[in-house]
Each structure stands twice: as C-alpha cells, then as structure tokens.
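**Student:** Here's a sequence, model it:
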Amino acid sequence: MRRKHGKAVNLIFNDRYISIRTTLTAEVELLTGRGCLKHDLADDLDDVDFEDARDDDEGWETDDEMEEEQDDSEFTFTKHTGSVFCVSLDPATNTLAVTGGEDDKAYVWRVSDGEVLLECTGHKDSVTCAVFSHDSSMVATGDMSGVIKVWKVDAKEEIWSFEVGDLEWMEWHPSAPVLLAGTDDGNVWMWKIPSGDCKTFQSSACQATSGKVLPDGKRAVVGYDDGTVRVWDLKQGNATHVIKGQEAHKGALTCLACNKDSSLVMTGSVDGLSKLINTVTGKVVGAFSLDGAKGPKDEAEANSVESVGFCNILPLVAVAYLDGTLAIYDLATQVLRHRCQHEAGIVHLQWEESSSVVSTCCLDGALRLWDGRSGSVVAEYRGHSAEILNFTINREASFAITASGDNQAKVFCLQRPDR
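**Tutor:** Numbers count the residues shown, from 1 in each chain. Below is the predicted model of the structure:
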C-alpha cells in the first residue's frame, strides 16, 4: 500500500506481503511445476475448443456464483472510494463513528444506520488519523502530508486547520480541548482548540513514530524512529525521562499503550521486543519476547511488534506480532502465558474495558476475539474482502467497527455465550 505521492504508508509494512507472495508462488508451482501433472493437463486441454468456449461463457460457474462470500456484519459503510485507514468512536455516546481513507476524506456517520452527518474534505493526501475530542463535540482529521483539520460536529463545519510535516500520529487530550500530533521531523505539537495556541516539544531529528497522552493528562509518552522513548511534561514542556542507549529499542517504535493509572507504559518496536517502562522513574522494568531473549535482534530478522495493550481487570498484557502471533504475557513475571496464532500478520489489538477478552484484526480480513485467561478463540467475524487496517470496540463490547483495504467500514455485533 503506497501513498499517492510516492512515500510508503507506514501503517502496513511491505514485509507483511512477502509471505503472501511466497505462498501464492508455491501454490502455482505445486499446480504447474510437476512434470507429469503439467503434461497430463496439457494433453487434456488439446481437445478443448477455446473459440467455442469463449462464446458460451454462460455455461461456466464463477467462484462467486458457486460460493457466496461470508459476511457476519450488521451494516457496511460504503462512502469511501479508497482504502479505509482509521476508525474511532465518539467517547461520549459511542453512537457516532469517524473514518478516514485513501480518498483524502473523512466521514462522521451514525453507527445505527450509516447516515453521514459530516463529510470532511479539503485534505491533500490520505486521511490516516481521525478522532473525536473527549466530549465528542469536535473531531480532528489528519492526512499523511501533515494537513490537520478540526470540525465542530453539531455545526458540521471546519473550525481550525494547521499544516505540519508528514504526520505520524495524532491524539486528543483525555479531558481538555487540546490536540497533540507527532511528525516525521521529530517534533511533537500541542494546540489549544479552537484558539490555536501552540507548544512544540523538540527532540533529535528523527521521526516521532508513536505517541500517547497518559490518562493523568499531565504527561505524554513518545516513541521515536531511533528507538528512544521520551516522557514529556505537557505543562513545563520538558522531557522528564529519556530512555536511550542500552535501555532503548534497537529499531523504530511502532506502538505504545499505558495502564489506567499512568504508572506503566508498554512499547513495541520493529526490533521484535516489547518493553515495560515505569513512567515515574523512567526505568525499563520488564521486556517481553516470543523466543525468551531479552536482547533485540537485527531489524531484518526481527518479528516486528505491531500492537500492545494492558488488560484492565487482570495482570495480563497482550503483544501482537508481524508473523501473526498474539502473545499473552503475565505482567508481573513477563512469562508467556498463551500463544494465539493467526493466519496472517496482526495489525491491531484491543482489550475490552471490563473483561479479559482481547480482540485482534488481521491481514486475512478477519476480526477475532480471544479469552486472555485461556488463550482460546471466543469468536471470529468475517465480511471484508481485503485486510483489516484498524478497528475499535464500544465500551460495552457489544459491537466493533472495522476499517479495511476493500474501501469499506463494517459494524459487527459481538454476540458471546457469556453475555
């Protein structure tokens, strides 16, 4: 998946498609590469009159006609004309969704029936970030080129815009009308909305690849392309802790997550490791690795970490890997509890708010729910014809919304036997 102006989208690594290409090549070789099978097939085809066959297409059944595609969704949002990269729910009511896509647009729409309440236009490139403010009164949209816009939902109008360098991530403050964003020049921007009062947090000239405002609202944790992590004091504007050197990752940060009391942060990197950082002391207090090695691997041979998350009700953490492994670890001991295998690379994971169920979306187009206690699959939902690039779940965990490379967003009703 590539940006229209030539830059590779960092949401999907090209490595993810290598295994897919390899598998397809192997299947072709299996069908055509064996000498006897190839010659027998050629002999059989000698008697076929292809001119007549072309005139009689009606007698052939296509795969689509023979088997109808499975679709477990309740509703499909089809306004986008390109891949849908991001989706989020309004935090106040969980009744509105915003999606952003390759068509340089974002849409705010009602989850119940898909009615479009606001079409966000004027972007110069693919919209890769779209998120509601803490009170759901505003929605911010950001594209890859760095154009950021804020919209008033009720008034259905744009109220603020700004342009930065190539955008890496964007997030609202958890309790104030304050917007933060990280860019490829290493800067982190913070604005008051709609006044536009601005503060920047500058670091070394490498990409600020991931960022998270802590639940306490006083600090933000930012990961960088060189493997370092900084804890920023939002009021003072200085970095209270810098994790670098031997303690840092040996490759770019890909994801961040924090626990509910802001005391711990998990990081994930292309080096194949996930680290646990105490935000008070700035010390690395744990590391998670599939093979048990605590040291990083060379980036070329590492199994990249794509998503991480804390369970809210049990001392468990989840780590999603590029090879399709979902690993459930014990938080206190960092011991691997369960290894949950997917058919393709995992893009994103999310724990439910008040249970031990963790959900994943995958490059095979499926949404899966896993029991973190047992490591078993609770449910699986399909309906997309391409990879799922992002998803979100409402507070009650009664439905999920997915965003896909098939230009669609889908709403799935999450029915479980224990509900």
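**Student:** need the contact list for Ala327.
**Tutor:** With contacts taken as CB atoms under 8 Å, 6 or more residues apart in numbering, Ala327 has the following neighbours: 288, 290, 318-321, 336, 338-340. Where you see a C-beta, it was placed from the backbone N, CA and C, and this is true even at glycine.
**Student:** Generate the PyMOL command that creates a selection of the buried members of those residues.
**Tutor:** The PyMOL command for the buried members of the contacts of Ala327 (criterion: 16 or more other CB atoms under 10 Å) is given here:
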select buried, resi 288+290+318+319+320+321+336+338+340
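**Student:** Quick one, which of the contacts of Ala327 has the minimum pLDDT?
**Tutor:** Within the contacts of Ala327, pLDDT reaches its minimum at Leu290, with 88.
**Student:** Quick one: residues contacting that residue.
**Tutor:** So Leu290 contacts 272, 303, 321, 325, 327, 336, 339 (CB under 8 Å, 6+ apart).
**Student:** before we move on, the earlier item: next, format the contacts of Ala327 as TSV and append secondary structure and distance to Ser203.
**Tutor:** Formatted as TSV, the contacts of Ala327 follow (DSSP: H, G, I helix; E, B strand; the rest coil; distance: CB to CB, whole Å):
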residue	secondary structure	distance to Ser203
Phe288	strand	25
Leu290	coil	30
Ala318	strand	29
Val319	strand	26
Ala320	strand	27
Tyr321	strand	28
Leu336	strand	33
His338	strand	37
Arg339	strand	36
Cys340	strand	36
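**Student:** Would you check how far apart Val270 and Asp154 are?
**Tutor:** Shown here: Val270 relative to Asp154, a distance of 41 Å by CB to CB, to the nearest Å.
**Student:** Then Val231?
**Tutor:** As for Val231, its distance to Asp154 is 36 Å (criterion: CB to CB).
**Student:** More neighbours: the two, which one.
**Tutor:** Shown here are Val231 and Asp154; by other CB atoms under 10 Å, Val231 has more neighbours (21 against 10).
**Student:** wait, isn't the more buried one in contact with Asn238?
**Tutor:** No - at 10.0 Å, Val231 and Asn238 do not qualify as touching, with contact defined as CB atoms under 8 Å.
**Student:** just to confirm, which helix or strand has Phe162 in it?
**Tutor:** Phe162 belongs to strand 157-163 when elements are defined using DSSP states H and E.
**Student:** what residues are up against the residue nearest to Pro177 when sequence neighbours are not counted?
**Tutor:** Distances taken as CB to CB, 6 or more residues apart in numbering put Ile193 closest to Pro177, at 4.8 Å, once the chain neighbours are dropped. With contacts defined as CB under 8 Å, 6+ apart, Ile193 is in contact with 133, 138, 140, 150, 159-160, 177-179.
**Student:** Looking at these, spot the one nearest Gly100.
**Tutor:** Using CB to CB, Ala140 is the member of those that sits closest to Gly100, with 10.3 Å.
**Student:** Give the closest residue to that closest one in space, chain neighbours not counted.
**Tutor:** In space, and not counting its chain neighbours, Ala140 is closest to Val150: 5.0 Å by CB to CB, 6+ apart.
**Student:** Tell me which residues touch the one you found, please.
**Tutor:** Contacts were defined as CB under 8 Å, 6+ apart; by that measure Val150 touches 138-141, 158-161, 179, 193-194.
**Student:** in the sheet, who's paired with it?
**Tutor:** In this entry, Val150 is beta-bridged to Ala140, Trp160, by DSSP bridges.
**Student:** Distance of it relative to Asp90?
**Tutor:** Taken as CB to CB, the span from Val150 to Asp90 is 14 Å.
**Student:** before we move on, what about Gly114?
**Tutor:** Shown here: Gly114 relative to Asp90, a distance of 15 Å by CB to CB.
**Student:** Could you check which of those two is surrounded by more residues?
**Tutor:** Neighbours per residue, other CB under 10 Å: of Gly114 and Asp90, the larger number sits with Asp90, 20 against 16.
**Student:** Quick one: distance of the strand holding Phe162 to the chain centre.
**Tutor:** Shown here is strand 157-163, whose average C-alpha point lies 25 Å from the average C-alpha point of the whole chain (CA atoms, centre = their mean, to the nearest Å).
**Student:** wait, what's in contact with Ser404?
**Tutor:** By CB under 8 Å, 6+ apart, Ser404 lies in contact with 83-84, 365, 384-389, 410.
**Student:** same thing but at 7 Å, please
**Tutor:** By CB atoms under 7 Å, 6 or more residues apart in numbering, the contact set of Ser404 is 84, 365, 384, 386-389.
**Student:** who touches the nearest residue to Glu306 once chain neighbours are set aside in this structure?
**Tutor:** Of all residues beyond its chain neighbours, the one nearest Glu306 is Ala320 (4.9 Å), with distances taken as CB to CB, 6+ apart. By CB under 7 Å, 6+ apart, Ala320 lies in contact with 306-307, 326, 346, 349, 360.
**Student:** Would you mind measuring from Ala320 to Cys362?
**Tutor:** Spatial separation of Ala320 from Cys362 under the definition CB to CB is 9 Å.
**Student:** anything in contact with each of the two?
**Tutor:** Shared contacts of Ala320 and Cys362 (CB under 7 Å, 6+ apart): Ile346.
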